[in-house]
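just to be clear, the model below is a prediction. Sequence and coordinates:
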Amino acid sequence: MNNTNEPKNGLKKSINFFRFRTPKKDAEDTPLRLKKGSRLHGSESGEDSFTLDKSYIDSPIVRFFKKVKPKQSGKTKNIVDNSSTLIETDNQTEKSKLQDDQFDFYNVEESNQKLPTYVSVSVALNGYHLPSQKNELAEEGSIESAKNLQSSSQDYVTTIKIESIAEPPEVAEKFSTEWGTVSDETPEAYKELADTSISLIDARKRLAKLLLSEHKEIMCDDSHTTLLQVNGHGDMITKNIGKLYKYIDNCLKGVQGYGETTTVNDLSSFWFGVIQPELDKYSKILDKADKYRENNYKEILQIDDTTKVVKKVQPKVPANKKCVVESEKIKQQKAAREEKRKKFLQEMKKKAISSRNNETLLQNTLMYHRKILIKRCLITVSFSFFIIWLSRKIFFDKAVREYPSVLEVKPYNKLCVVVPYRDRLEELEEFVPHITKFLEKQKINHQILVMNQTNKYRFNRASLINVGFLESDRLRCSYFVMHDVDLLPLNQQLNYSYPGIGIVRHISAGRYHPIKRYDYVKFIGGILMLTMNDFKNVNGMSNKYWGWGLEDDEFYLRLKESGLAEHIERPENLDTNRDNTFKHIHGKERKRDYKQIGNQREMSKKRDRISGLNNVKYKIIKQCDMSWTPYCNI
């Protein structure tokens, strides 16, 4: 049978085990905090030792070590502190004394002389007998039996753990601060400016949270709201700066592709156009928070400019000159004042009676004139309706009555077909009759607007579409389609009905377009339909494209930025193909304008955030309805 009195794991408890621990204390760690600036230095014997400051010589841990210090023997104990093993070595020849404020370390190198700002040293007394040959056993990785350990000499092992603890985040001393400025027009400079701004904002937010937790009970409502604004507005600015980091990464990586490159000018525009105004507002909130903090979080009264009143000081009557007043004279003055008061009351009664009579007369007069005015108004309105009815019967001819008015309200949607045009009369003469018959078969209420550019500049298709939108809005169209004059739809399955808000319908999809090179995902040229509201939300098309091409690709980026690119609707499952879905009537003798002048190539590949529907300028030279009055042009 096993002896229950034998020590477990081959170790025997020391007689001093319960001397160092009480039942109330956990037998693991005893914490000790060291002050900032404590150093590790080499001792005279060449061993690394840890020395406490003089102010900590009489600390509780020092007194603790004085109690548990074993009797000096001919052996010196050296401790090597590792994360996995603890090795004790015996030195028979060298005898060294450890001061009460020193501990030996073998695992600390000379290169690590400076301790962190704050460390936690935990000391645990194991209180077991350990053999003097433990270093040999540790190397072999084995433990002898308890019988061999009982005969070994008595030593004590101290385990010391050092753990670094992170310093608390910085808290600002006051709210108001000066924001940094960009040192150079480079992405790195803007990133450094963004990092500095975020650190300043975080420090103010931490100060606001600290004050809210400590002084919330004594704060007035306005001061409490101001500190909440410090946190809320700071979070909003931090989100905007997060967007700037994305632009900076694009600028540093040099992302290529049409419309995707971000330049330093874009970073400058975003900082001074979006972030800097918010920082100015944030500075006002911070100044207000400092004022409340100085005023002990009480209400700040607005002090108005007070007007100075100069009081007239009557001269003091000398005490030796007493006024002598006759009693009879005072009685006469009182009687005179009483008579005046009675006369005044009598006059007021007479005036009141006369005013009542006048009011009654005035009311009767007003009632009489009011009745006359109502009769005249009724007669005038009746006569006006009669004149309007008579004029419509006599003066309006049949052609005018049948002409669709701009102000006419119809129970269904109206489509405006905007056709950018210049010097293509043969194609226009074929396009207008064809599209009219095509839309009439689908019973689409429509109106065709041919936008003819008459100036001497190069052809600007996007600007003509912007002008066509403004004219379509004036004609009260609910949706419109930008339509090339040389592309005629042939398949009646192509849908020209109202697409609905948030839907962009690309009728001339790449898989059915006569030209095969247009079959790519981002192609939206040829025939594109959307509502008036959606076109207005993306600010129309760019006005910087002169000549042929790329204005549709820039418009795709606007749709993508507004979220409409995800809802592009294209025709599918048609019973026709690329050869017979559309008819392309562009004459080969009419060459397209592919010229690239100056920096036009670079400008055409940049995203336009300046021009659009809001700043297009145009002047209508001629306006005529040839179907109604063909004689308007000679």
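Good, I have the coordinates.

now do the SS call for residue 419.
When classified by DSSP: H, G, I helix; E, B strand; the rest coil, residue 419 comes out as strand.

with residue 338 as the reference, measure out to it.
For residue 419, the distance to residue 338 (C-beta to C-beta, to the nearest Å) stands at 98 Å. Backbone N, C-alpha and C define where each C-beta goes, glycine included.

what about the two, which has more around it?
Legend: neighbour count by other C-beta atoms under 10 Å for residue 419 and residue 338, higher for residue 419 (23 against 10).

check contacts around the more buried one.
Residues in contact with residue 419 (C-beta atoms under 8 Å, 6 or more residues apart in numbering) are 428, 431, 448, 449, 450, 451, 468, 483, 484, 485.

chain neighbours aside, what residue packs nearest to it?
Nearest in space to residue 419, with sequence neighbours left out and distances taken as C-beta to C-beta, 6 or more residues apart in numbering, is residue 450 at 4.8 Å.

rewinding a little: got a ChimeraX select line for the buried ones in the contacts of residue 419?
Restricted to buried positions by 16 or more other C-beta atoms under 10 Å, the ChimeraX selection for these reads:
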select :431,448,449,450,451,468,483,484,485
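
what about the contacts of residue 419, which are in helices?
428, 431, 468 (DSSP state H).

in CSV: those, plus pLDDT and distance to residue 633.
Formatted as CSV, the ones in helices among the contacts of residue 419 follow (pLDDT from 0 to 100; distance: C-beta to C-beta, whole Å):
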residue, pLDDT, distance to residue 633
428, 90, 14
431, 93, 19
468, 93, 20
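
out of these, who's nearest residue 584?
Closest approach between the ones in helices among the contacts of residue 419 and residue 584, by C-beta to C-beta: residue 431, at 11.7 Å.

against residue 497, how distant is that closest one?
From residue 431 to residue 497 the distance is 20 Å (C-beta to C-beta).

now for the helix of greatest length in the chain, which elements pack on it?
When the chain is parsed with DSSP H, its longest helix is helix 327-394. Contacting helix 327-394 under the criterion 3 or more C-beta pairs under 8 Å, 6 or more residues apart in numbering; DSSP states H and E is no other helix or strand.

tally of neighbours for residue 341?
Around residue 341 sit 10 other residues, with neighbours defined as other C-beta under 10 Å.

how close does it sit to residue 348?
Distance from residue 341 to residue 348, by C-beta to C-beta: 11 Å.

equivalent analysis for residue 618, please.
Distance, residue 618 to residue 348, using C-beta to C-beta: 74 Å.

one more: residue 423?
Distance of residue 423 to residue 348, given as C-beta to C-beta: 92 Å.

what of residue 495?
Distance, residue 495 to residue 348, by C-beta to C-beta: 86 Å.

of these two, which one has the most company?
residue 495 (14 against 10).

helices of the stretch 151-300 of the chain, start to end?
187-215, 221-253, 264-270, 276-294 (DSSP state H, counting those that start in this stretch).

so what's the residue count around the residue nearest to residue 206 when sequence neighbours are not counted?
Distance criterion C-beta to C-beta, 6+ apart; nearest residue to residue 206, sequence neighbours excluded, is residue 171 at 4.9 Å. If you count neighbours by other C-beta under 10 Å, residue 171 ends up with 15.

is it true that residue 459 touches residue 593?
Yes - Residue 459 lies in contact with residue 593 (C-beta atoms under 8 Å); the separation is 6.2 Å.

who has more neighbours out of these two?
Ranked by neighbour count (other C-beta under 10 Å), residue 459 and residue 593 place residue 459 first, with 17 against 10.

low-confidence bits of the chain, can you list those?
Low-confidence segments of the chain, defined by pLDDT under 70: 1-168, 255-260, 302-327, 393, 395-411, 594, 634.

let me see the domain layout of it.
In terms of domains, the chain is parsed into 10-164, 187-294, 415-588+605-632 (source: automatic domain parsing).

could you pull out the buried residues of stretch 293-303?
Quick answer for stretch 293-303 (16+ other C-beta under 10 Å): 293, 297.

between residue 459 and residue 593, what contacts are shared?
Residues touching both residue 459 and residue 593 (C-beta under 8 Å, 6+ apart): 547, 548.

ends of stretch 612-626, how far apart?
The first and last residues of stretch 612-626 sit 30 Å apart, counting by C-alpha to C-alpha, to the nearest Å.

tell me which residues in that stretch are buried?
Neighbour-count burial for stretch 612-626, counted by 16+ other C-beta under 10 Å, picks out 612, 613, 616.

for the residue nearest to the second one when sequence neighbours are not counted, give me its contacts.
Nearest non-adjacent residue to residue 613, counting by C-beta to C-beta, 6+ apart: residue 540, 2.9 Å away. Contacts here follow C-beta under 8 Å, 6+ apart; on that basis residue 540 touches 462, 465, 466, 469, 612, 613, 614, 616.

out of these, which sit inside helices?
Short answer: these in helices (DSSP H) are 462, 465, 466, 469.

now, among those residues, which is nearest to residue 604?
Nearest member of the ones in helices among the contacts of residue 540 to residue 604, counting by C-beta to C-beta, is residue 462, at 11.4 Å.

my guess is the closest one contacts residue 547. True?
No - the pair residue 462 / residue 547 is not scored as a contact, 11.1 Å apart, by C-beta under 8 Å.
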